[in-house]
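model this:
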Amino acid sequence: MKKYLSLTAILCLIAIFVTAQDNNKVSAKKSSIELYGFIRSEFYYDSYKGINAAQDNFYLFPSYKGLDAEGKHINQQGIGGFTAMATRFGFNITGPEILGAKTSANFETDFSGIVSEYPEVLRLRKAYVKLDWEKSSLLIGQTWHPLWNGSGAFFPQVGGLNTGSPYNPFNRSPQIDFDYKLGAKTSLSLTALYEQQYCSAGFYDVPNTNSKNLAKRNAGIPELVAGLYFNDNGMSLGIAGQFNAIKPIDVTEGAAGKFQSDELNTSYAVMSYAGYKKDKWFFLVKEMVGQNLSNMLMIGGYGVKTYDERTGGMTYSNYTTSSTFVNVVYGTQNQLGLFAGLTTNFGTKDALYNFDGAAKTKGLMPTMKQAWRIAPHYAYNYKNLRFVAEYEIDSADYGTGTFDFSDGLYDDTVNATNHRILFMLTYNF
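Predicted coordinates:
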């Protein structure tokens, strides 16, 4: 059934595109629609099973599951696959002037919908409307998070679908973004966002309900990001700050019964980057320090700090993490590139509550101590074709031994390392 729904959706989109093209022949000055996208096929092989998405295609880091009876890592097993689910297409739309602004819109989708069960299902990637004035612009809809690419095309240039995750924040969200040009080279960006596909974790367990983004929806407060950017002759510098608030649970239960909970968990983050893109060179270095960044596919999260046995009420303490990466690419038709990233977990600011010898935490590997990646790649570009061969080493230090409630981390670590080989072919249109 889902395959038929996907096929129907594609046919409808093609019909809309063809109709729009016919209409443009009559009234070309009013609007235009441009189809774009690519067909992408890739083969990958991993030496260690990982935390991933898109049926192993989107690899984050090795998944440590303990040792077997002979002392071998249970997940240190080879796994590979071949897929075309990253194929995507979209429409760039330009329209008439409105309120003195140039108008445009974008819609983009791919075939990575319900990646664990039905990877052929269409998924909404981007859908927004944009108004451009001489010194400002307003974007309303879903697109990349402002911490993902700063002020333009400054995001990791690699072969893998993970695009630098979990070292670069990875997130697309519904948002309202306002940009203002402070000068010829400097701009200010203010963004308010909610969560849709990439969500903060909560303690919700609501049957027959899409509870994935309940922690953000129940908070009511949008995520806020403010950024300052400088661009000149291929060089880009940026710094941004983020504030977020979630409600991990809305109803608690203790010895005295059930109670409404209004407790929010607030968090902060700071991002800075320096990039250069000109001629044959691409260079990007980026640093991010923040709390509870799991909605960006970055390690960390939060834990329960206090617990009221009478009401079941809880307060929270965030894990603070940092992430740094360097990405260099040289060439045009023949390209050589290198990505190197490191992320570190500093633990929670406050001691966590002891629930009979265990802590309650949420997030993406909140007790992982550290992870790093080194990934060189070669790319060959010819007309519409792009071929990439990439070798990626991913290493992660998982917490083991005695749990320290004072900072939410373990007193020892065990290392898991994966070696990935990737071959990718893309036809752009």
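
hey, let's count contacts and neighbours off CA atoms from now on
OK.

Find the helix or strand that the most centrally placed residue in the chain is a member of.
In the chain, the centroid-proximal residue (CA atoms, centre = their mean) is residue 170; its distance is 1.8 Å. Secondary-structure assignment from DSSP states H and E places residue 170 in no helical or strand segment.

contacting residues around it?
With CA atoms under 8 Å, 6 or more residues apart in numbering as the criterion, the residues that contact residue 170 are 145, 148, 296, 297, 298.

who's residue 397 bridged to?
Assessed by DSSP bridges, residue 397 has beta-bridge partners residue 370, residue 415.

so how far is residue 262 from it?
Residue 397 sits 36 Å away from residue 262 when distances are taken as CA to CA, to the nearest Å.

what's the answer for residue 193, then?
Looking at residue 193 against residue 262, where the rule is CA to CA, the gap reads 21 Å.

before we move on, what about residue 80?
Residue 80 sits 46 Å away from residue 262, going by CA to CA.

Please identify which of residue 397 and residue 262 sits among more neighbours.
Looking at residue 397 and residue 262 with other CA atoms under 10 Å, you find the greater number of neighbours at residue 397, namely 21 against 15.

Hmm, residue 367 and the more buried one touching each other?
No. Under the criterion of CA atoms under 8 Å, residue 397 lies out of contact with residue 367, with a separation of 9.5 Å.

Could you pull up the residues touching residue 126?
Under the criterion of CA under 8 Å, 6+ apart, the contact list for residue 126 reads 106, 107, 108, 109, 141, 142, 143, 144, 172.

Using the three-state scheme, assign it.
strand (DSSP: H, G, I helix; E, B strand; the rest coil).

beta partners of it?
residue 108.

can you check the one 4 residues further on too?
Beta-bridge partners for residue 130, by DSSP bridges, are residue 104, residue 139.

Share the number of residues neighbouring it, please.
The criterion is other CA under 10 Å. On that basis, residue 130 has 19 neighbouring residues.

from what I can see it touches residue 137, true?
Yes. Under the contact definition of CA under 8 Å, residue 130 touches residue 137, with a separation of 7.1 Å.

Which neighbours do these two have in common?
With CA under 8 Å, 6+ apart, residue 130 and residue 137 have no common neighbours.

Now that we have the contacts of residue 126, can you turn them into TSV and tack on neighbour count?
Supplementary listing: the contacts of residue 126 in TSV, determined by neighbours: other CA atoms under 10 Å:
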residue	neighbour count
106	19
107	19
108	20
109	19
141	18
142	24
143	22
144	16
172	23
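
where are the low-confidence patches of the stretch 51-200 of the chain?
For the stretch 51-200 of the chain, the stretches flagged by pLDDT under 70 are 113-120.

all strands for it, in order.
Counting by DSSP state E, counting those that start in this stretch, the stretch 51-200 of the chain forms strands over residues 58-62, 79-83, 88-98, 101-110, 123-132, 136-144, 172-181, 186-193, given from the N-terminal end onward.

Turn those strands into a markdown table, including distance to residue 204.
Supplementary listing: the strands of the stretch 51-200 of the chain in a markdown table, determined by distance: least, CA to CA, whole Å:
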| stretch | distance to residue 204 |
| --- | --- |
| strand 58-62 | 25 |
| strand 79-83 | 33 |
| strand 88-98 | 33 |
| strand 101-110 | 29 |
| strand 123-132 | 24 |
| strand 136-144 | 25 |
| strand 172-181 | 21 |
| strand 186-193 | 21 |
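
which one of the ones you listed has the most crowded surroundings?
Comparing the strands of the stretch 51-200 of the chain by mean neighbour count (mean count of other CA atoms under 10 Å), strand 58-62 comes out on top with a mean of 24.

Give me the sheet partners of that one and which way each runs.
Partners of strand 58-62 in its sheet, by DSSP bridges: strand 50-53 (antiparallel).

So which residues make contact with the partner strand?
By CA under 8 Å, 6+ apart, the residues outside strand 50-53 that reach it are 56, 58, 59, 60, 61, 62, 63, 64, 75, 115, 116, 418.

Next, the buried residues of that strand.
Using 16 or more other CA atoms under 10 Å as the test for burial, strand 50-53 gives 50, 53.

Roughly how far does the spatially closest residue to residue 280 that is not a sequence neighbour sit from residue 281?
Distance criterion CA to CA, 6 or more residues apart in numbering; nearest residue to residue 280, sequence neighbours excluded, is residue 331 at 4.6 Å. Relative to residue 281, residue 331 is positioned 7 Å away (criterion: CA to CA).

same deal with residue 378?
Residue 378 sits at a distance of 14 Å from residue 281 (criterion: CA to CA).

who has more neighbours, those two?
Legend: neighbour count by other CA under 10 Å for residue 378 and residue 281, higher for residue 378 (20 against 15).

can you pull the pLDDT of that one?
Per-residue confidence for residue 378 comes out at a pLDDT of 99.

in what helix or strand does it lie?
For residue 378, the host element (DSSP H and E) is strand 370-382.

Likewise for residue 342?
Element membership of residue 342 [criterion: DSSP H and E] is strand 334-348.

Counting by contacts, list what that strand packs against.
Counting by 3 or more CA pairs under 8 Å, 6 or more residues apart in numbering; DSSP states H and E, the packing neighbours recorded for strand 334-348 are strand 300-307, strand 314-331, strand 370-382.

wait, isn't residue 232 in contact with residue 185?
Yes. Taking contact to mean CA under 8 Å, the distance of 6.1 Å between residue 232 and residue 185 places them in contact.

didn't residue 226 look like it was pressed against residue 240?
Yes. Under the criterion of CA under 8 Å, residue 226 lies in contact with residue 240, with a separation of 5.5 Å.
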